[in-house]
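Undergrad: need coordinates for the below:
(one chain, ligands or ions: 1)
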Amino acid sequence: MLHIDHVSKLFNPGTVDEKIALMDANLTLNQGDFVTVIGSNGAGKSTLMNVISGVLRPDAGEVRIKDKTISGLPEYKRSQWIGRVFQDPMAGTAPQMTIEENLAMAYRRGKSRGLSFGISKGTKHLFREQLEKLGIGLENRTRAKVGLLSGGERQALSLLMATFTRPEILLLDEHTAALDPSRAELITSITETLVREMNLTTLMVTHNMEQAIRLGNRLIMMDKGRIILDVNAERKASLTVTELLREFEQISGTTLADDRVVLG
Ligand SMILES: Nc1ncnc2c1ncn2[C@@H]1O[C@H](COP(=O)(O)OP(=O)(O)OP(=O)(O)O)[C@@H](O)[C@H]1O
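TA: Numbers count the residues shown, from 1 in each chain. As a prediction, this is how the structure comes out:
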């Protein structure tokens, strides 16, 4: 489904500020894989997401989705295959537009029709149905400006928008990190439901070790631009946070330096 083959990305090469963000990274995701991603500060997690989504071009290597090479395609052309939710609740939605208009934008993503905002009755009905599934009452506020929603409500809407057209890949970039614990739990549970119901192939960066172990069917650990550990579902089922951190130390030779780490 998703193939990352020998991907490297250097920032400021040949200068004193040279930073290795990805170094010969390799990863294959199968259809329906839900993979959590952890790692130390600057390990390359966001760069990996940016290379997949097309925000960044790798210096070497190739990204393929369903055997189509997408490394050279710009971000907007990949958006029909890739849904993404960011840490910042302000990032995924247009605050001046209503919930309905934001959904219409997501609905049209990848379609060749123009940006006319006429929304048919049938489409409105579909939007309400989808919003209802979130279970937070947004279906009764379809005309509300998105800028007026709380952070948690916006992340729920962002998730819905990112998954609306059933993307081949869903990228979740610390999407619960800016929320308070109860809201983060709500968004996590909505994520689990959407991913399961649509069988979405998902990569989720998290600093919450307990969550990284509990969610999904695979866990990968990154360090210094490399994927240093790939844990399968069976192993994950009995893994503890202590064991995970010990494993990191053994492989990388250092302790996990993550200033945002949440142990559980
Ligand atoms: N635009 C950029 N210009 C220069 N260096 C960058 C840029 N983006 C990332 N880097 C560097 O590349 C490396 C990988 O960064 P990246 O943001 O991918 O790590 P991360 O694992 O997401 O880190 P964190 O968990 O701290 O957010 C770091 O050393 C970072 O400083």
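Undergrad: give me the neighbour count for the nearest residue to Gly147 once chain neighbours are set aside.
TA: Nearest residue to Gly147, sequence neighbours excluded (CB to CB, 6 or more residues apart in numbering): Pro95, at 3.2 Å. No exception for glycine: its C-beta is placed from N, CA and C like everyone else's. Residues lying near Pro95 (other CB atoms under 10 Å) number 12.
Undergrad: how would you label Pro95: helix, strand or coil?
TA: Here Pro95 is recorded as coil under DSSP: H, G, I helix; E, B strand; the rest coil.
Undergrad: how near is it to Phe127?
TA: Applying CB to CB, to the nearest Å, the value for Pro95 to Phe127 is 18 Å.
Undergrad: quick check: what element follows the helix or strand bottoming out on mean pLDDT in the chain along the chain?
TA: The least trusted helix or strand in the chain, going by mean pLDDT, DSSP states H and E, turns out to be helix 75-78, with a mean of 73. Under the assignment DSSP states H and E, the closest C-terminal helix or strand after helix 75-78 is strand 82-85.
Undergrad: hmm, who's touching that next one?
TA: Strand 82-85 is touched from outside by 49, 52-54, 65, 92, 155, 158-159, 161-165, 167-173, 175, 200, with contacts defined as CB atoms under 8 Å, 6 or more residues apart in numbering.
Undergrad: backbone phi and psi for Phe86, please?
TA: Reported as degrees, to the nearest 10, the phi and psi values for Phe86 are phi -100, psi 170.
Undergrad: which residues touch it?
TA: Here Phe86 is in contact with 92, 158, 173-175 (CB under 8 Å, 6+ apart).
Undergrad: could you do Met90 as well?
TA: Per CB under 8 Å, 6+ apart, neighbours of Met90: Arg154.
Undergrad: what about it, distance to Ala178?
TA: Relative to Ala178, Met90 is positioned 9 Å away (criterion: CB to CB).
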